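Visitor: this one's sequence-less:
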């Protein structure tokens with residue numbers, strides 16, 4: 001059950017009995033196992049209720065027969081929108097948008113022959129409606145402010161605080177409000 005590996009991989013002695021662990025077949029119960037310094041766990045064969053060794057195809061066939069959706073099922077989430085998963089999705093989407101936007105802007109600037117002041121002069125030369133400029137500034141600022149405040153919420157979760165459902169909802173709405181208000185403040189800001 002235990003195979004020796006290079007020193008320093010697992011520095012502590014850990015004894016676990018009846019461990020549930022994720023593997024390529026889903027959640028499976030592993031037998032009693034011991035992990036020692038410089039060791040890696042090789043579990044015994046995982047057996048299903050009929051006594052035969054589980055295989056990946058058996059896992060998918062069993063779930064199809066039971067009419068279980070592939071997890072996580074987006075269909076369930078779309079029929080029952082909840083602020084917790086909507087805000088989680090927004091955090092990922094804003095992170096993706098920020099990464100993509102900054103990457104595109106940086107690459108565009110690198111391949112452009114213009115300097116930043118020249119680019120800003122050409123944008124100002126378009127004579128865009130001030131309301132449109134404010135809306136565009138808000139759309140650019142909101143992903144940053146929301147992702148920033150929600151990142152702070154995630155850091156608080158990393159300390160083990162704020163997992164009561166009432167607190168999760170309250171913090172989510174607070175993050176959304178702070179993100180929107182801060183983005184609005186940045187959009188309305190006019191340098192002197």
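Guide: Thanks, I have it. All of these numbers come straight from a predicted model, not from anything done at the bench. Residues are numbered from 1 along each chain as shown.
Visitor: would you map the helices across this protein?
Guide: For the chain, the helices defined by DSSP state H cover 56-65, 74-79, 83-111, 116-124, 130-158, 165-188.
Visitor: same list, those helices, but as JSON lines with mean pLDDT please.
Guide: Formatted as JSON lines, the helices of the chain follow (pLDDT from 0 to 100):
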{"stretch": "helix 56-65", "mean pLDDT": "76"}
{"stretch": "helix 74-79", "mean pLDDT": "67"}
{"stretch": "helix 83-111", "mean pLDDT": "93"}
{"stretch": "helix 116-124", "mean pLDDT": "89"}
{"stretch": "helix 130-158", "mean pLDDT": "95"}
{"stretch": "helix 165-188", "mean pLDDT": "96"}
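Visitor: now render those as JSON lines, adding mean neighbour count.
Guide: All C-beta spots, glycine's among them, are computed from the backbone N, C-alpha and C. Formatted as JSON lines, the helices of the chain follow (neighbours: other C-beta atoms under 10 Å):
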{"stretch": "helix 56-65", "mean neighbour count": "12"}
{"stretch": "helix 74-79", "mean neighbour count": "10"}
{"stretch": "helix 83-111", "mean neighbour count": "13"}
{"stretch": "helix 116-124", "mean neighbour count": "10"}
{"stretch": "helix 130-158", "mean neighbour count": "15"}
{"stretch": "helix 165-188", "mean neighbour count": "15"}
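Visitor: so residue 109 makes contact with residue 120?
Guide: No: Residue 109 lies out of contact with residue 120 (C-beta atoms under 8 Å); the separation is 11.6 Å.
Visitor: residue contacts, residue 177?
Guide: Neighbouring residues of residue 177 by C-beta atoms under 8 Å, 6 or more residues apart in numbering: there are none.
Visitor: could you measure from it over to residue 171?
Guide: Distance from residue 177 to residue 171, counting by C-beta to C-beta, to the nearest Å: 11 Å.
Visitor: can you check residue 131 too?
Guide: Per C-beta to C-beta, residue 131 is found 33 Å from residue 171.
Visitor: one more: residue 58?
Guide: 42 Å.
Visitor: also residue 164?
Guide: Using C-beta to C-beta, one gets 10 Å for the distance from residue 164 to residue 171.
Visitor: tell me how many other residues surround residue 113.
Guide: For residue 113, the count of nearby residues is 5 (other C-beta atoms under 10 Å).
Visitor: how about it, phi and psi?
Guide: Residue 113 adopts backbone torsions of phi -90, psi -10, taken as degrees, to the nearest 10.
Visitor: which residues sit in contact with it?
Guide: Residues near residue 113 by C-beta under 8 Å, 6+ apart: none.
Visitor: and the pLDDT for it?
Guide: Model confidence at residue 113, given as pLDDT, is 92.
Visitor: and what of residue 18?
Guide: On the pLDDT scale, residue 18 gets 40.
Visitor: next one: residue 26
Guide: 40.
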